[in-house]
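# have a look; sequence and predicted model below, questions after that.
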Amino acid sequence: MKTIIVCDAIHEIGFELLRAQKDLNVIDAVKVPKDELLKLVGEADVAITRSSTDCDATFIDACTNLKALVRAGVGVDNVDIDYCSKKGIIVMNVPTANTIAAVEMTLCHLLNSARKFVFAVNDLTQDKVWKREKHYGNELFGKKLGVIGFGNIGSRVAVRAAAFGMKVTTYDPYIDPSKATSVGVEYTRNFDDILACDFITIHTPKNKETTNMIDEAQIAKMKDGVRLINVARGGLYNEDALLRNLQNGKVAYAGIDVFVKEPGSTSPLLNLPNVSATPHLGANTFESQENIAREAAEQAISAAFGVCYPNALNLPIKTNELPAEIAPCVDLTAKLGYFAAQMSHEKIKSIVLEAEGEVAKYVESLLTFAVVGVLKKSLGESINYVNAKFVAESAGVELKCAALPASNYKNKIRVRIVTDSEALSVAGTIFGENESRIVDVNGFSTDFKPKGKMIVFKNKDVPGVIAKISTILAEANINIADFRLGRGKDGNALAVVLVDGEVSGELVAKLAAVDACLRVERVEL
């Protein structure tokens, strides 16, 4: 008899599906206090949770029999995935059940940004004021809509906006342009084309590249009277810059469903007359909650009986079954892929994993970790260790691996990625039993730990470059934690600078302006 425990409230359809299963014991712990919950989870094979249960080490240690944990929703911020992996617990989420809800919430804000519908309703129903002349708006028909991110949600927003007669342009460097053009949406590689639109909406994962993607510099390039929508993640638009430009009229209107700090009830944005804000309601429809419960229950049932693990975000890494010098290569491979991906800003055509020495025996198994490392930058939580190769192949990304004899290291792993315009590679090794190092970046020999915030700076090998880099960082009040140099045979050099502070887009632009600079990227592991 398998046992599934439901720790947080889900739609009743989820309970119906669970209770309909034979040979399945269902524990309804929705109303159980969290301290008492720890006494119940020990007998469960699978747990279903939402945001109310903190799945930290204390919770996981209490789950002595747990095989899988299903997060009924998209976000897994409250789940210690790394610790789950160490305990052999598969973590799954429900990433697409609220897609339509988020799409339609975006359209609510889009329409309201044009017609200020909410304020007209409030005037009439609350203040009993009938002033038609006060509420002139704009039509969506014929206007330009810029869609940043063309995934499950962004693509559906674009199609629906086109039905209003809008001229839709999308920016997403990680998709094949035909995905947009095939549904009548203009595709651009020039972000300024988005900034020139009348309305702009963003639908990307939140990561280092997309945080503050719309900041003061981007807003300055926009049309006067632009209207901005964000139903994705708080912080994709810089809230301080948004506030200033709403106040001065550069941005005519903003529709906001998400905030950097939530609950956002104290945000100064709420005090502005040209903002419509909702309390993170993107997934709050009866249909989406039913879909979430249904999918979570189905995933839990499959996991309980060992059938499959849909939308798994990790794998139980049984390091005790690997040689001591090989086990750390799993994590290193994923980090090498993620490092390489952050160096690229284009659609990836192929991923190649090369392994030298003893680790070469495991190269085919490690390829999955390389793929997840490379693609999670653009795909976020939609890529996982179960679907990695399928997702890559569906996106037209060619996968290759090669086992090579040992050269200058006992074990060495290299991840190569190829785009339309360039090939990039990052290689690493393990010293001792568990000391990971990156030893090569694009052919430049180096040696640093794959951890922390970094600036990768390629330059002409001329005097004074280090001093200029140091001066720019000092002026930005950013401390240098480590500075690694590599010299090439072509008269160029590469510096990997590990820093303690955040590397902003403005700082990258200042570094790029150094005369000898050939390329500068920010990477975080």
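Great, that's in hand. Residues are numbered from 1 along each chain as shown.
# gap between the two ends of stretch 416-428?
End-to-end distance of stretch 416-428: 12 Å, with CA to CA, to the nearest Å as the criterion.
# ignore the last one, stretch 124-144
31 Å.
# residues of it that come out buried?
The neighbour-count check on stretch 124-144 (16 or more other CB atoms under 10 Å) flags N138, L140, K143, K144 as buried. Quick note: C-beta positions are derived from backbone N, CA and C, even for glycine.
# least confident pick among those?
Within the buried residues of stretch 124-144, N138 has the lowest pLDDT, namely 94.
# residues contacting I417?
Going by CB atoms under 8 Å, 6 or more residues apart in numbering, I417 touches G337, A340, A341, S344, I348, S350, I351, V352, V374, A423, L424, S425.
# in a markdown table, list these along with pLDDT.
Formatted as a markdown table, these follow (pLDDT from 0 to 100):
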| residue | pLDDT |
| --- | --- |
| G337 | 96 |
| A340 | 97 |
| A341 | 95 |
| S344 | 93 |
| I348 | 95 |
| S350 | 97 |
| I351 | 97 |
| V352 | 98 |
| V374 | 94 |
| A423 | 96 |
| L424 | 97 |
| S425 | 97 |
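# among the buried residues of stretch 124-144, which are located in strands?
K144 (DSSP state E).
# now the longest helix seen in the chain: buried residues?
Ranked by residue count, the top helix of the chain under DSSP state H comes out as helix 286-304. Across helix 286-304, burial judged by 16+ other CB under 10 Å covers 288-304.
# which strands and helices sit next to it?
strand 2-6, helix 12-19, strand 46-49, strand 68-71, strand 90-93, helix 99-115 (3 or more CB pairs under 8 Å, 6 or more residues apart in numbering; DSSP states H and E).
# which of the ones you listed sits closest to A476?
helix 99-115 (35.0 Å; CB to CB).
# residues contacting the closest one, please?
Identification of contacts with helix 99-115 by CB under 8 Å, 6+ apart yields 117-118, 135, 137-140, 143, 145, 152-153, 156-157, 160-161, 199, 201, 203, 227-229, 231-232, 252-257, 276, 278, 281-285, 287-288.
# same thing with stretch 339-350?
For stretch 339-350, contacts defined as CB under 8 Å, 6+ apart pick out 173-176, 208-209, 373-378, 396-400, 415-422, 424-426, 438, 441-442, 450, 456, 521-525.
# what subset of these is buried?
By 16+ other CB under 10 Å, these give 173-175, 209, 373-378, 397, 399, 415-418, 424-426, 438, 441-442, 450, 456, 521-523, 525 as buried.
# in a helix, I175, correct?
No. Counting by DSSP: H, G, I helix; E, B strand; the rest coil, I175 is not found in a helix; it is coil.
# now, the contacts of stretch 339-350 that are in helices?
Those of the contacts of stretch 339-350 mapping onto helices are G373, V374, L375, K376, K377, S378, per DSSP H.
# closest to S51 among the residues you listed?
Taking those together and measuring to S51 by CB to CB, the closest member is K376, at 21.5 Å.
# you'd agree that closest one is up against I383?
Yes. Applying CB atoms under 8 Å as the test, K376 and I383 come out as touching, 5.3 Å apart.
# so what touches stretch 275-282?
98, 101-102, 105-106, 109, 112-113, 116, 118-119, 231, 246, 253-259, 262-265, 267, 269-270.
# actually stretch 370-381, not the one I wrote
With CB under 8 Å, 6+ apart as the test, stretch 370-381 has contacts from 74, 76, 93, 95, 151, 173-174, 204-205, 207, 209, 313, 333-342, 348, 351, 353, 383-385, 388-389, 391-392, 395, 397, 399, 415, 417.
# how near is L399 to K453?
L399 sits 29 Å away from K453, taking CB to CB, to the nearest Å as the criterion.
# tell me the pLDDT of V397.
94.
# report how many residues lie close to L236.
Neighbours of L236 under the rule other CB atoms under 10 Å: 23.
# number the chain from 27, please
Sure thing, new numbering starts at 27, so read that last one as L262.
# helix or strand for the residue located most distally from the centre of the chain, just tell me which one.
Most distant residue from the mean C-alpha position of the chain: W156, 45.5 Å away (CA atoms, centre = their mean). If you go by DSSP states H and E, W156 is not part of any helix or strand.
# quick check on it: phi, psi?
phi -110, psi 90 (degrees, to the nearest 10).
# could you pull out the helices in the stretch 77-226 of the chain for me?
For the stretch 77-226 of the chain, the helices defined by DSSP state H, counting those that start in this stretch cover 83-88, 107-112, 125-141, 143-151, 178-189, 203-207, 217-221.
# run the chain-centre distance for the last one.
Okay, so that is helix 217-221. With CA atoms, centre = their mean, to the nearest Å as the basis, helix 217-221 stands 21 Å off its chain's centre.
# and for the first one?
Between the mean C-alpha location of helix 83-88 and the chain-wide mean there is a distance of 26 Å, by CA atoms, centre = their mean.
# kindly report the same for stretch 369-385.
Relative to its chain's centre, stretch 369-385 lies at 20 Å (CA atoms, centre = their mean).
# would you mind measuring from the nearest residue to N505 once chain neighbours are set aside to E501?
Nearest residue to N505, sequence neighbours excluded (CB to CB, 6 or more residues apart in numbering): D526, at 4.4 Å. Between D526 and E501 the computed distance is 15 Å (CB to CB).
# how about K249?
Using CB to CB, which is the criterion applied here, K249 is 33 Å from E501.
# then F190?
47 Å.
# so for the two, which residue has more residues nearby?
Neighbours were counted for F190 and for E501 using other CB under 10 Å; F190 has more, 17 against 10.
# could you pull out the helices for the stretch 427-551 of the chain?
According to DSSP H, counting those that start in this stretch, the stretch 427-551 of the chain carries its helices in the segments 491-501, 531-538.
# okay if I get the ones you listed as TSV plus distance to E384?
Converted to TSV, those look like this (distance: least, CB to CB, whole Å):
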stretch	distance to E384
helix 491-501	37
helix 531-538	39
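# out of those, which comes closest to N91?
Across those, closest to N91 is helix 531-538 (CB to CB), at 47.5 Å.
# N119 reaches L339, doesn't it?
Yes. With contact defined as CB under 8 Å, N119 reaches L339; the gap is 6.2 Å.
# and N503, how many neighbours?
Neighbours of N503 under the rule other CB under 10 Å: 7.
# which ones are touching it?
Contacts of N503 (CB under 8 Å, 6+ apart): G527.
# what are the buried residues along stretch 80-97?
Buried residues in stretch 80-97, defined by neighbour count with 16+ other CB under 10 Å: C81, F85, I86, C89, L92, K93, A94, L95, V96, R97.
# one more: stretch 376-393?
By neighbour count with 16+ other CB under 10 Å, stretch 376-393 contains the buried residues 377-383, 385-386, 388-389, 392-393.
# cool, stretch 332-339 as well?
Y335, P336, N337, A338, L339.
# check those residues and tell me the two furthest apart.
Pairwise distances across the buried residues of stretch 332-339 (CB to CB) peak at 10.9 Å, for the pair P336 and L339.
# what touches both of the two?
Common contacts of P336 and L339, defined by CB under 8 Å, 6+ apart, comprise M118.
# now intersect the contacts of I443 with the strands, please.
Secondary structure of the contacts of I443 is defined by DSSP E; positions in strands are I374, S376, I377, V378, A449, L450, S451.
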